[in-house]
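Student: quick one: sequence and predicted model below, then my questions.
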Amino acid sequence: MQVFDHPEFDHHEQIVFGCDEASGLRAIIAIHDTRRGPALGGLRIYPYASEDDALTDVLRLSRGMTYKSALADLPLGGGKAVIIADPRLDKTPELLRAMGRLVDSLGGRYITAEDSGTSEADMRLIRQETRHVSGLGRAGESGDPSPYTAHGVFCALRSAVRHRLGRNDLLGLRVAIQGVGHVGAHLARELHANGAQLVLTDLDRDALGILVDEVGAVTVSPQAIFDAEVDVFAPCALGAVLTADVADRLKARVVCGAANNQLATPEIAERLHARGILYAPDYVANAGGVIDVEWQRRSDYSHAAVMAHVERISATIDEIFTRAHREDTHPAQVADRLARERLDG
């Protein structure tokens, strides 16, 4: 396994491989950049097919967190952690506490939080071993950042619809959502409340059925979602969903969702642009969760303040779309450049 020559290696400051024989822990923590502050990023538990797949994911995700925090104007750097395991079968208190000890060994350079395969309850177990955990809630309230992530995506989607479709409202807008877990379900409800017509898919048929009844949506198979006759495609499952094949098949004219690392390769952004599809860079659109997690660390936390900060995503994405249109390039390139400007500034 190569690290420094890995295609996703981007001058990461530190990469830590952790193992605990007693609990079965096999984990990787990647700290990408700490110039703006400690590296905050969620802990993902996933049954990766190989260590190289896990390394690829954690390198990409940690870099995305750096850019996400920079464009969300947060005093944070970017990091990420992954555990190679099946969260349904392998996640135990012993494994989580071992992960907590690994996080603690970094002395605060990395702060962990909830992500795919982990929950607030898991973070509380990790908190038994380290104080470098966020997303635990305050005053008895849930620390789940999903509603804020979804609202940020909603704000970005509304901006993208205005820029690409020339519409200021969402009444009758056709939106296909891939993945209706915590974030996707919240997004579906907010879109439904604003008059959108929804097409949904998810591997969890039970959860899908409950949500369909609630929001009056139609469902399609996971593969058919790419061919849905819709205005907007919202990827809200795992990353790398926007492959060359998918980019060529999409009927939607806007792509805006909550999933991290939606582009299978950077070249897909140009492919979407060539087809006239407006892509909202994922780490800009889905920053609502990390905004909430950062605010939870402050003494002046308030729901109103978090919502106001999340809604600033609209201004950031507007700037990106405007610059991309002026330069006749794709938004992903502009977003990366703007993030680097803020990091260097």
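Tutor: Done, it's in.
Student: which residue is the nearest non-sequential neighbour of Glu229?
Tutor: Lys251 (5.3 Å; Cβ to Cβ, 6 or more residues apart in numbering). Yep, even glycine has a C-beta here, placed from its N, CA and C like the rest.
Student: an error on my part: the question was meant for Asn261.
Tutor: Gly239 (3.4 Å).
Student: tell me the SS of the one you found?
Tutor: Going by DSSP: H, G, I helix; E, B strand; the rest coil, the secondary structure assigned to Gly239 is coil.
Student: number of nearby residues for it?
Tutor: Using other Cβ atoms under 10 Å, the number of residues around Gly239 comes to 18.
Student: helix or strand for Asp53, which one?
Tutor: Asp53 belongs to helix 51-71 when assigned by DSSP states H and E.
Student: starting at the chain centroid, how far to that helix?
Tutor: Here helix 51-71 is found 10 Å from its chain centre; the criterion is Cα atoms, centre = their mean, to the nearest Å.
Student: which strands and helices sit next to that helix?
Tutor: Other helices and strands packing on helix 51-71, by 3 or more Cβ pairs under 8 Å, 6 or more residues apart in numbering; DSSP states H and E, are strand 14-20, strand 25-33, strand 39-46, strand 77-84, helix 282-285, helix 288-295, helix 331-344.
Student: same list, those, but as CSV with distance to Asp57 and mean pLDDT please.
Tutor: Listed next are these as CSV, based on distance: least, Cβ to Cβ, whole Å; pLDDT from 0 to 100:
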stretch, distance to Asp57, mean pLDDT
strand 14-20, 13, 98
strand 25-33, 9, 98
strand 39-46, 7, 96
strand 77-84, 6, 98
helix 282-285, 14, 97
helix 288-295, 17, 93
helix 331-344, 19, 96
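Student: which one of the ones you listed lies nearest to Leu173?
Tutor: Across the helices and strands packed on helix 51-71, Leu173 has its closest neighbour in helix 282-285 (16.2 Å, Cβ to Cβ).
Student: which parts of the chain are strands?
Tutor: 14-20, 25-33, 39-46, 77-84, 110-114, 174-178, 197-201, 218-219, 232-235, 254-255, 278-279 (DSSP state E).
Student: I'd like those as CSV, with distance to Arg127 and mean neighbour count appended.
Tutor: Shown next, in CSV, are the strands of the chain (distance: least, Cβ to Cβ, whole Å; neighbours: other Cβ atoms under 10 Å):
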stretch, distance to Arg127, mean neighbour count
strand 14-20, 17, 15
strand 25-33, 17, 24
strand 39-46, 12, 26
strand 77-84, 15, 28
strand 110-114, 10, 27
strand 174-178, 32, 25
strand 197-201, 34, 22
strand 218-219, 38, 14
strand 232-235, 31, 27
strand 254-255, 36, 27
strand 278-279, 37, 26
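Student: looking at this protein, which helix or strand is least sure?
Tutor: One helix or strand of the chain scores below all others by mean pLDDT, DSSP states H and E: helix 205-215, with a mean of 90.
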